[in-house]
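Chemist: What shape does this take:
(one chain, ligands or ions: 1)
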Amino acid sequence: MFADLPVKERCFEQREALPGEPRCVVCGRYGEYICDQTDDDICSTECKTILLARVAAKKKPAVRAAKRVDLALGDESICIKDTNFPNIPTLADSRITALRSKLDICVKGEAIPDPIMCFSSCGLPEKLVHNLETAGYCMPTPVQMQVIPASMSNRSLLVSADTGSGKTASFLIPIIAHCSQVRSKQRTDKQGPLAIVLAPTRELCQQVEEQAKVLGKGLPFKTALVVGGDPLAQQIYRIENGIELIIGTPGRLIDLLMKHNVDLSDVSVFVLDEVDCLLQRGFRDQAMQIFQSLSRPQVMMFSATLHSEVEKMANSLTKTVTRISCGNPSRPNKSVKQVVIWVESKKKKQKIFEIMKSKQHFKPPAVVFVSSRVGADLLSEAITVATRLEVVSIHGEKTMNERRESLRRFLTGEVSVVVSTGVLGRGMDLLKVRQVILFDIPNSIDEYTHQVGRASRMGEEGMAVVFVNEEDRRIFQELVPVLKTAGAPIPRELANSRYTVGVSLGSGRKRKLSSRSHL
Ligand SMILES: Nc1ncnc2c1ncn2[C@@H]1O[C@H](COP(=O)(O)OP(=O)(O)OP(=O)(O)O)[C@@H](O)[C@H]1O
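Modeler: Below is the predicted model of the structure:
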């Protein structure tokens, strides 16, 4: 009676399994078919191909298929001995829930694969596991533990996790695994891109590409960086010569796709890094245009700050989205101490000079965030004159080469201070930076969270010095609760400001205003 129904080609076309029904050994969805060669349940042609490739590589599939045993959940047992997949014991369901809760991982969706405890436990290519070790990635971070297996079961994901928690590798690792698997099976010369990562700034794209190269070294995995400011012809030439991953800013990628015929038919993974920024006006239409030129890819979306409107938009991109959240998203990273200082605008320069001249308060290398391009140039010059420190500035009006050179000088320690607009505010992994100074507080609490987050990577302690005055009143209502939650002292002027009224300074709950209150 089902003979006329077409076989499901793609994994995402299959429904979730109901209790008691067979599950696909690759992705956990409804196992509608049986793979002749292995007798395993599978959901689609796509998962059958993955299964057979794994068998060919003498690797068993499905983290979920492994035998379950009860393991103690002390800290020492989080990285358990599971290097010999598939014979690793995994945790029983109640233990998985406890583990997720211990690691601050929340998941929403059907049949989400268990978190992995070691990189070697989910069938990654050996070379990739080796590259991870060489890069110093001894074990996955919590976001990677959950995102990697979920992504490898072809789910579309919306992920929020603290700044500096390793989100980039959580999407790069499955992409590299997917690309090298496809290429190693491919018999044609066709070398069109297999995945696209979009990010809002050139610097961030460049950083993602560098990390992708490190992790994909020695594998059939090449990248193309498609960002403004670099010659388009070179970017086209690189893509024509065969690459697996395009990393780009939306505007330049659209430009390239309009001027040149790039075959995107094999792109099956689409990542939006800093998705809340990419779905804001300005980027949204371009990001959507690129998405629409792909044929129903797996979509993975990441940010440290996500809100309900972004969730709604994300849900409109793809039918079933698995939601993963780790840590304390949409709040500044707990490892960063926030020090808010009330400074009138005309005294801000004097204040920053004082800080930078003080051995006690200045902790270079430091990033200073300002709100305008002119402001970035003027302040960097003023700091140099007043303190004799070497300072560079980075903003959108500089050429790509100038931006690269300034960043290089800062990252290599040639200069100890960079003054930047929001260009360096999101996603940038400024490894040694432990101090940021928000000379101008940004317009939204989300950008605040991202900028403060530059002071800490992977839980290292850092400090954010934040200048505020009455001109920043637009953000007071959101800033005060954030400071309170973090236990940061709130300057008297900020606490007493009429623009802060209605925000409780005590218990953390909002005071109710009567309907007649007008202030
Ligand atoms: N498993 C790991 N072990 C050790 N270091 C890691 C691991 N995963 C990532 N890192 C390192 O942690 C740092 C922060 O990672 P990443 O830049 O991906 O954070 P993020 O979550 O994307 O932050 P943001 O929200 O600020 O963009 C990087 O230097 C990265 O190389």
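
Chemist: Please verify my assumption that H307 contacts D276.
Modeler: Yes. Between H307 and D276 there is a contact under Cβ atoms under 8 Å: 7.0 Å. In this view, the C-beta of every residue, glycine as well, is placed from N, C-alpha and C.

Chemist: shared neighbours of those two, which are they?
Modeler: D446 (Cβ atoms under 8 Å, 6 or more residues apart in numbering).

Chemist: So these two - more neighbours on which side?
Modeler: D276 (26 against 13; other Cβ atoms under 10 Å).

Chemist: Is the helix or strand in which that one is found positioned near the ligand?
Modeler: Element membership of D276 [criterion: DSSP states H and E] is helix 275-278. No. Taking Cβ under 6 Å from any ligand atom as the criterion, helix 275-278 and the ligand are apart, separated by no less than 11.0 Å.

Chemist: quick one: contacts of that helix?
Modeler: 158, 198-200, 250, 272, 283-284, 287, 301-303, 305-307, 310, 314, 426, 446.

Chemist: Could you list the buried residues of it?
Modeler: V275, D276, C277, L278 (16 or more other Cβ atoms under 10 Å).

Chemist: Can you lay out those as TSV showing distance to P365?
Modeler: Formatted as TSV, those follow (distance: Cβ to Cβ, whole Å):
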residue	distance to P365
V275	29
D276	28
C277	25
L278	28
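
Chemist: of these, closest to D263?
Modeler: L278 (23.5 Å; Cβ to Cβ).

Chemist: per-residue pLDDT, the closest one?
Modeler: L278 carries a pLDDT value of 95.

Chemist: thinking again about what came up before, which of the contacts of helix 275-278 count as buried?
Modeler: By 16+ other Cβ under 10 Å, the contacts of helix 275-278 give 158, 198-200, 250, 272, 283, 287, 301-303, 305-306, 310, 314, 426, 446 as buried.

Chemist: Report the secondary structure state of M463.
Modeler: strand (DSSP: H, G, I helix; E, B strand; the rest coil).

Chemist: Any idea how many residues pack against it?
Modeler: There are 19 residues near M463, going by other Cβ under 10 Å.

Chemist: before we move on, what about D189?
Modeler: Around D189 there are 6 residues (other Cβ under 10 Å).

Chemist: Return the distance of it relative to N241.
Modeler: 11 Å (Cβ to Cβ, to the nearest Å).

Chemist: So which bits of the stretch 151-300 of the chain are right by the ligand?
Modeler: Neighbours of the ligand within the stretch 151-300 of the chain, by Cβ under 6 Å from any ligand atom: A161, T163, G164, S165, G166, K167, T168, A169.

Chemist: Kindly recompute the last result at 8 Å.
Modeler: With the criterion set to Cβ under 8 Å from any ligand atom, the stretch 151-300 of the chain comes near the ligand through 161-170, 204, 207, 211, 273-274.

Chemist: Can you tell me which of the residues you listed lies closest to F369?
Modeler: When those are compared against F369 (criterion: Cβ to Cβ), the nearest one is T163, at 13.9 Å.

Chemist: so what pLDDT did the nearest residue to that closest one once chain neighbours are set aside get?
Modeler: Nearest non-adjacent residue to T163, counting by Cβ to Cβ, 6 or more residues apart in numbering: G453, 2.6 Å away. Model confidence at G453, given as pLDDT, is 95.

Chemist: My guess is G453 contacts S165. True?
Modeler: No. Using Cβ under 8 Å, G453 is not in contact with S165; the gap is 9.4 Å.

Chemist: Low-confidence stretches in the stretch 101-250 of the chain?
Modeler: For the stretch 101-250 of the chain, applying pLDDT under 70 flags the ranges 190.

Chemist: redo that, cut-off 80
Modeler: 187-190 (pLDDT under 80).

Chemist: where do the strands sit along it?
Modeler: Using DSSP state E, counting those that start in this stretch, the strands of the stretch 101-250 of the chain run over residues 105-108, 156-161, 195-198, 223-226, 245-248.

Chemist: what does this protein have sitting close to the ligand?
Modeler: 119, 132, 135-141, 143-144, 161-170, 204, 207, 211, 273-274, 302-304, 426-429, 431, 450, 453-454, 457-458.

Chemist: what angle separates the longest helix along the chain from strand 156-161?
Modeler: If you go by DSSP state H, the chain has its longest helix at helix 167-185. Using axes from the mean of the first three to the mean of the last three Cα atoms, to 10 degrees, the inter-axis angle of helix 167-185 relative to strand 156-161 is 150 degrees.

Chemist: i'd like the first residue to be 842 from this point on
Modeler: I'll keep to 842 as the first residue from here, and by that count the last item is helix 1008-1026.

Chemist: Now do helix 1008-1026: distance to the chain's middle.
Modeler: Distance of helix 1008-1026 from the chain centroid (Cα atoms, centre = their mean, to the nearest Å) equals 16 Å.

Chemist: Export only the CA atoms of it, formatted as PDB.
Modeler: What follows is helix 1008-1026, C-alpha atoms only, in PDB (Å, rounded to 0.1, in the frame of the first residue of the first chain):
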ATOM      1  CA  LYS A1008      30.900  28.200  19.200                       C
ATOM      2  CA  THR A1009      33.100  28.500  16.100                       C
ATOM      3  CA  ALA A1010      34.600  25.100  16.300                       C
ATOM      4  CA  SER A1011      31.200  23.600  17.100                       C
ATOM      5  CA  PHE A1012      30.100  24.400  13.600                       C
ATOM      6  CA  LEU A1013      33.500  24.100  11.900                       C
ATOM      7  CA  ILE A1014      34.100  20.500  13.100                       C
ATOM      8  CA  PRO A1015      30.900  19.000  11.600                       C
ATOM      9  CA  ILE A1016      31.400  21.000   8.400                       C
ATOM     10  CA  ILE A1017      35.000  19.700   8.000                       C
ATOM     11  CA  ALA A1018      33.800  16.100   8.700                       C
ATOM     12  CA  HIS A1019      31.000  16.400   6.200                       C
ATOM     13  CA  CYS A1020      33.100  17.900   3.500                       C
ATOM     14  CA  SER A1021      35.900  15.400   3.800                       C
ATOM     15  CA  GLN A1022      33.400  12.600   3.800                       C
ATOM     16  CA  VAL A1023      31.700  13.800   0.700                       C
ATOM     17  CA  ARG A1024      35.000  14.500  -1.200                       C
ATOM     18  CA  SER A1025      36.500  11.100  -0.300                       C
ATOM     19  CA  LYS A1026      33.500   9.300  -1.800                       C
END
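
Chemist: For that helix, list every residue counted as buried.
Modeler: Residues 1008-1024 are the ones in helix 1008-1026 that count as buried (16+ other Cβ under 10 Å).

Chemist: Quick check: closest non-adjacent residue to the residue of the stretch 1092-1241 of the chain found nearest the ligand.
Modeler: Proximity of the stretch 1092-1241 of the chain to the ligand (Cβ to the nearest ligand atom) peaks at A1145, 4.2 Å away. Excluding its sequence neighbours, the residue lying closest to A1145 (Cβ to Cβ, 6+ apart) is T1004, at 4.5 Å.

Chemist: residues contacting the residue lying closest to S1006 once chain neighbours are set aside?
Modeler: Leaving aside its sequence neighbours, S1006 sits nearest to V984 (Cβ to Cβ, 6+ apart; 5.2 Å). The contact partners of V984, taken as Cβ under 8 Å, 6+ apart, are I946, V1000, A1002, S1006, G1007, K1008, S1011, I1165, C1167, G1168.
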